[in-house]
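Q: build me a structure from this.
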Amino acid sequence: MLAIERRNAILSKLYLDGKVIVSQLSNEFDVTEETIRRDLEKLDKDGLARKTYGGAVLVQNFSTDLPHSVRKHANVEAKQSIAEKVSHMLTDGDCIMIDSSSTVLYLLPYIKNLKNITLITNSVEALIELSDKDDWHVFSTGGKLKRGALSLVGPSAEKMIRGFHVDYAICSSKGIDLNMGITDSNEKDSEIKQEIFASAEHKVLVIDSTKFDRISLIKVCDIKNVDVIVTDKEPPSNWVEYLKSVNVDLIY
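A: Model prediction:
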């Protein structure tokens with residue numbers, strides 16, 4: 001196993017359990033404890049973990065991008081719940097645009113039974129997942145591959161997105177706040193989400209309940225600029241009242 005693969009595996013454990021123990025990791029990966037300590041030092045330096053005596057704990061930093069392999073296996077039940085709810089919104093013949101977020105990717109197994117779907121995405125994993133759908137029209141945005149994210153970003157991807165008008169745009173984000181709106185962790189992803197939302201008749205934000213009252217680095221748009229928010233459980237009452245006041249449908 002390469003060092004970067006081991007660190008990603010450690011980060012996945014951190015994301016799921018909140019902490020890791022050096023001695024346990026040493027046994028599991030069959031490497032020395034000193035090697036594990038160097039891995040934890042690297043994660044600490046990158047702002048993803050905080051070293052403690054004998055191990056490390058996860059740093060909840062909503063302005064930092066976790067690797068796709070880690071995000072994909074986090075909050076799985078919540079993402080599946082959200083995906084199932086979104087699937088009921090879609091029908092045969094729809095034109096859909098999705099981003100590369102792990103939450104949105106959980107939607108694909110729930111809608112693969114639909115027919116004659118046109119789907120545009122900047123997600124490399126979505127393209128692979130849908131490679132067997134002969135009756136679908138699947139388009140890649142093209143663009144520059146974002147390291148560690150399995151997504152395509154940049155001006156060429158944005159230009160391609162602007163050439164479409166779809167029925168549904170489905171995106172996620174790192175945070176949503178009553179004052180700051182919908183935010184994400186980096187400029188490139190935020191720009192892609194902005195273009196995707198601008199290209200759709202119906203704008204759907206999918207976001208798990210842990211992201212409410214969280215602010216990440218870059219603003220995507222105001223909350224009132226989306227039509228529907230789908231989450232896994234009812235948010236606090238002030239959110240329910242606010243979304244009603246700005247005519248944003250809430251599904252949970």
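
Q: nearest spatial neighbour of Ser151, skipping sequence neighbours?
A: Counting by Cβ to Cβ, 6 or more residues apart in numbering, Ser151 lies nearest to Ser100, which is 3.5 Å off, once chain neighbours are set aside. In this view, the C-beta of every residue, glycine as well, is placed from N, C-alpha and C.

Q: so what's the residue count around Leu205?
A: 26 (other Cβ atoms under 10 Å).

Q: could you report the separation of Ser173 from Asp227?
A: 15 Å (Cβ to Cβ, to the nearest Å).

Q: just name the shakiest helix or strand of the protein by mean pLDDT.
A: In the chain, the helix or strand scored least confidently by mean pLDDT, DSSP states H and E is helix 68-71, which has a mean of 64.

Q: neighbour-wise, which of Ser173 and Asp227 wins?
A: Ser173 (28 against 17).

Q: residue contacts, the more buried one?
A: Ser101, Ile182, Thr183, Asp184, Lys193, Leu205, Ile207, Lys211, Ser216, Val220 (Cβ atoms under 8 Å, 6 or more residues apart in numbering).

Q: the residue lying closest to Thr35 once chain neighbours are set aside: what secondary structure?
A: Nearest residue to Thr35 in three dimensions, chain neighbours excluded: Ser26, at 7.5 Å (Cβ to Cβ, 6+ apart). Put simply, Ser26 is helix when judged by DSSP: H, G, I helix; E, B strand; the rest coil.

Q: just the local confidence number for Ser26, please.
A: Looking at Ser26, its pLDDT stands at 96.

Q: how close does it get to Val138?
A: As judged by Cβ to Cβ, Ser26 and Val138 stand 44 Å apart.

Q: so Val20 makes contact with Lys13?
A: Yes. Counting by Cβ atoms under 8 Å, Val20 sits close enough to Lys13 to count as a contact (5.4 Å).

Q: more neighbours, these two?
A: Between Val20 and Lys13, counted using other Cβ under 10 Å, the more crowded position is Val20 (24 against 20).

Q: across the sheet, point out what pairs with the more buried one.
A: In this entry, Val20 is beta-bridged to Ala56, by DSSP bridges.

Q: how close does it get to Arg37?
A: The value you get for Val20 to Arg37, if Cβ to Cβ is used, is 11 Å.

Q: ok, now Asn225?
A: Taking Cβ to Cβ, one finds Asn225 at 46 Å from Arg37.

Q: how many residues are close by the residue nearest to Ser151?
A: When neighbours are counted by other Cβ under 10 Å, Ser100 comes out with 25.
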